[in-house]
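Participant: Next come a sequence and a model predicted from it.
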Amino acid sequence: MGAGSDLVSYFRELVNQHVKLSGNFHRLNVEELLGGKPKGVSAYPYLSLERAEFSFRNQSGVLQKKRTIAFCVVDQKGRTATEEDEQGLLDGCEDIVDDIIRRVRQHVQEGFSTSIAAIDLDTISAVQLPFSGTTGEVGFRVVFDVTQKFNSDTNNQNWI
């Protein structure tokens with residue numbers, strides 16, 4: 001399994017273990033979330049893991065893979081909801097974001113994660129998604145960097 005698949009499996013497991021998310025995991029990009037009713041979404045709140053970007057860096061002579069991860073936590077307000085209701089949903093989404101970041105950090109510190117070697121806490125940023133009048137969705141998009149476990153040895157079987 002590749003490093004990207006490992007991260008997808010890891011986040012899927014986090015969502016399965018979180019009481020409020022109840023396994024509501026999706027692979028949607030922020031453009032899909034902002035463009036109307038995302039396909040496959042039937043329960044709220046949910047976490048959507050976006051595509052990830054990665055780069056390589058040389059850290060003290062050791063080749064490392066740095067991956068930028070983005071995910072959204074989204075909930076839905078009813079048609080008759082007030083601004084206070086919307087803020088309550090946003091507070092709930094923020095609580096879930098906090099839970100996810102704390103759990104990832106804990107897993108890294110305890111060596112539990114098989115795919116994440118380190119989380120760069122200084123890169124974590126979250127932005128509120130604009131309210132969707134079409135779907136009633138509210139939430140946050142979170143972006144942060146991790147260092148993934150990476151075997152930098154050349155696999156000679158892949159070369160002629």
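Facilitator: Everything's here; your move.
Participant: Just the buried positions in stretch 82-93, please.
Facilitator: Of the residues in stretch 82-93, 89, 90, 92, 93 count as buried by neighbour count, 16 or more other CB atoms under 10 Å. (Each C-beta comes from the backbone N, C-alpha and C, glycine too.)
Participant: can you check stretch 96-103 too?
Facilitator: 96, 97, 99, 100, 101.
Participant: so what's the nearest residue to residue 15 once chain neighbours are set aside up against?
Facilitator: In this structure, residue 15 finds its nearest non-sequential neighbour in residue 25, 4.0 Å apart by CB to CB, 6 or more residues apart in numbering. Taking CB atoms under 8 Å, 6 or more residues apart in numbering, we find residue 25 in contact with 11, 12, 15, 16, 46, 47, 48, 49.
Participant: bridging residues for the residue most central in space within the chain?
Facilitator: The centroid of the chain falls nearest to residue 71 when counting by CA atoms, centre = their mean (3.1 Å). With beta bridges defined as DSSP bridges, residue 71 has these partners: residue 49, residue 142.
Participant: Distance check, it against residue 137.
Facilitator: To residue 137, residue 71 is 15 Å away according to CB to CB, to the nearest Å.
Participant: same question, residue 150
Facilitator: As judged by CB to CB, residue 150 and residue 137 stand 36 Å apart.
Participant: Excluding chain neighbours, what is closest to residue 128?
Facilitator: Nearest non-adjacent residue to residue 128, counting by CB to CB, 6+ apart: residue 140, 5.7 Å away.
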